[in-house]
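**Q** sequence isn't available, so here's the structure alone:
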């Protein structure tokens with residue numbers, strides 16, 4: 001425990017205006033700063049302020065302070081600030097009022113610059129379509145709205161498949177597969193043009209990058225579940241879990257590398273190629289029938305297992321190249337550390353904890369196995385878990401802060417493990433449902449609160465276009481010819497300044513054409 005901090009606080013009351021000097025412990029659980037109109041915290045036994053002087057203070061504040069103090073006993077302490085960090089354990093009751101980002105973190109996000117590196121095979125083919133399509137998007141549609149519409153389309157399309165195939169063993173209906181493939185193409189298109197729309201109307205900001213990548217994390221879970229459903233991987237529980245874990249790890253690894261180097265790397269076979277492959281597989285399954293994956297092939301067995309092998313071989317080059325950069329080349333910080341000057345291995349704890357929880361629950365589960373009999377609940381739980389830890393990683397990269405291992409979302413799979421290993425009499429699927437609700441609420445609260453903080457700090461609305469910016473764009477479009485939009489992913493500075501579409505920018509965009517490639521809206 002740190003040395004005691006001596007502070008002089010002026011305590012006021014209706015009956016006295018005397019100044020009392022008190023001594024308080026500098027606990028990590030104490031809120032940062034004490035309001036001028038609130039008397040001192042009478043938690044320390046050395047405080048000389050009588051309790052009767054605290055009568056004018058709202059009782060709820062004391063209850064909240066007491067809970068925060070108790071939480072401080074179980075929370076890792078920060079060397080730089082004696083307060084709660086954004087991903088530390090906290091009271092779920094007060095999460096909605098919690099400011100997840102400190103003022104220093106907000107200042108770092110304002111200075112954040114997006115950079116990408118690499119190129120994929122199919123990117124040039126799709127760029128012509130995306131660049132021509134964005135010119136037909138009305139200027140009053142905010143870029144984040146395009147991203148959200150794409151995610152909503154995929155979410156709606158996956159509902160029929162999940163209802164027909166709750167254990168991933170049932171045959172998916174052909175119409176549902178075609179419907180999802182169409183919605184997936186809509187998502188891919190909207191995800192590609194949202195960044196172009198942001199640069200087109202001058203609404204680029206770090207908040208857009210976070211919004212885009214957060215939606216990508218959620219969509220990774222949705223697409224992974226639909227892919228496993230189309231192959232009926234519930235018939236092969238081990239392959240089902242492996243396929244889900246592989247998709248999550250590849251996406252997490254990309255942002256892990258970004259946290260280390262500050263640059264988002266892309267390979268020859270990347271997200272665009274993966275999306276086209278999955279859409280093609282969904283159409284083939286709908287046309288030919290899911291029975292095609294029951295065919296026996298040499299060595300590996302059924303064709304669905306061969307698909308898992310092919311997916312692994314496609315991901316191996318990207319995985320190895322990114323791990324080589326992380327482990328051998330090192331990050332961009334001091335002595336090869338991350339952007340926050342922390343260990344390059346620090347993010348591995350979060351994704352490893354997810355896999356450990358999955359294996360523990362799978363190993364202890366009673367028949368019917370929870371990952372088989374209640375596969376939808378099981379993978380939805382860890383889908384929210386993955387989305388939360390990925391969003392936290394993205395935020396810590398943008399604000400250049402250390403990544404904390406402990407997270408409130410761990411209570412979700414944690415209570416499932418406690419119910420299993422302590423032999424509680426509660427049915428597993430009931431506890432699993434509670435865990436899903438917990439992790440979903442924790443993820444949503446975190447995302448919404450962080451976006452609201454960024455919106456207030458950057459003075460940019462989340463889902464609308466400011467009227468003054470809209471009027472400026474209309475005036476500019478009438479007087480000059482806009483430059484063609486940048487490619488889907490570009491090495492651009494993510495500030496909230498407008499983009500001046502003139503000949504100089506045309507020349508700059510041409511000079512950067514060799515380094516541009518596909519990515520989320522880097523705004």
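**A** Received it, and whenever you're ready, just let me know what you need. Computed from a predicted structure; not experimentally measured.

**Q** which SS state does the residue lying closest to residue 121 once chain neighbours are set aside fall under?
**A** With sequence-adjacent residues excluded and distances taken as Cβ to Cβ, 6 or more residues apart in numbering, residue 121 is closest to residue 268, at 5.5 Å. Where you see a C-beta, it was placed from the backbone N, CA and C, and this is true even at glycine. Classification of residue 268 using DSSP: H, G, I helix; E, B strand; the rest coil returns coil.

**Q** gap between residue 268 and residue 429?
**A** According to Cβ to Cβ, to the nearest Å, residue 268 and residue 429 sit 43 Å apart.

**Q** same deal with residue 283?
**A** 34 Å.

**Q** cool, and residue 415?
**A** 13 Å.

**Q** what of residue 115?
**A** On the measure of Cβ to Cβ, residue 115 and residue 429 end up 45 Å apart.

**Q** same question, residue 454
**A** 38 Å.

**Q** look at these two and report which has more neighbours.
**A** residue 454 (24 against 14; other Cβ atoms under 10 Å).

**Q** where does the protein dip in pLDDT?
**A** Along the chain, the parts satisfying pLDDT under 70 run over 1-98, 478-523.

**Q** grab the most central residue of it for me.
**A** With distances taken as Cα atoms, centre = their mean, residue 391 lies nearest the centre of the chain, 2.2 Å away.

**Q** wait, isn't it in contact with residue 445?
**A** No - contact criterion Cβ atoms under 8 Å: residue 391 and residue 445 do not qualify, at 11.4 Å.

**Q** and residue 220, what does it touch?
**A** 247-248, 251, 386 (Cβ atoms under 8 Å, 6 or more residues apart in numbering).

**Q** next: residue 412.
**A** 381, 384-385, 435-436, 438-439, 442.

**Q** show me those residues that map onto strands.
**A** Counting by DSSP state E, none of the members of the contacts of residue 412 fall within strands.

**Q** what would the residues you listed look like in TSV with neighbour count?
**A** Formatted as TSV, the contacts of residue 412 follow (neighbours: other Cβ atoms under 10 Å):
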residue	neighbour count
381	28
384	24
385	29
435	27
436	22
438	20
439	25
442	21
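
**Q** out of these, who's nearest residue 136?
**A** residue 384 (35.5 Å; Cβ to Cβ).

**Q** how much space separates the closest one from residue 337?
**A** 30 Å.

**Q** again with residue 204
**A** 29 Å.

**Q** the more surrounded of those two?
**A** Under the criterion of other Cβ under 10 Å, the comparison of residue 204 against residue 337 puts residue 204 first, with 28 against 16.

**Q** longest helix of this structure?
**A** Ranked by residue count, the top helix of the chain under DSSP state H comes out as helix 428-458.

**Q** buried stuff in it?
**A** 428, 431-432, 434-436, 438-443, 445-447, 449-451, 453-454, 457-458 (16 or more other Cβ atoms under 10 Å).

**Q** what do you get for stretch 160-170?
**A** 160-162, 165-169.

**Q** nearest to residue 352 among those?
**A** residue 168 (24.6 Å).

**Q** who touches the closest one in this structure?
**A** 228-229, 232-235, 240, 375-376.

**Q** if you set the cut-off to 10 Å instead, what comes out?
**A** Residue 168 is in contact with 161-162, 225, 228-237, 240, 244, 371-372, 375-376, 379, counting by Cβ atoms under 10 Å, 6 or more residues apart in numbering.
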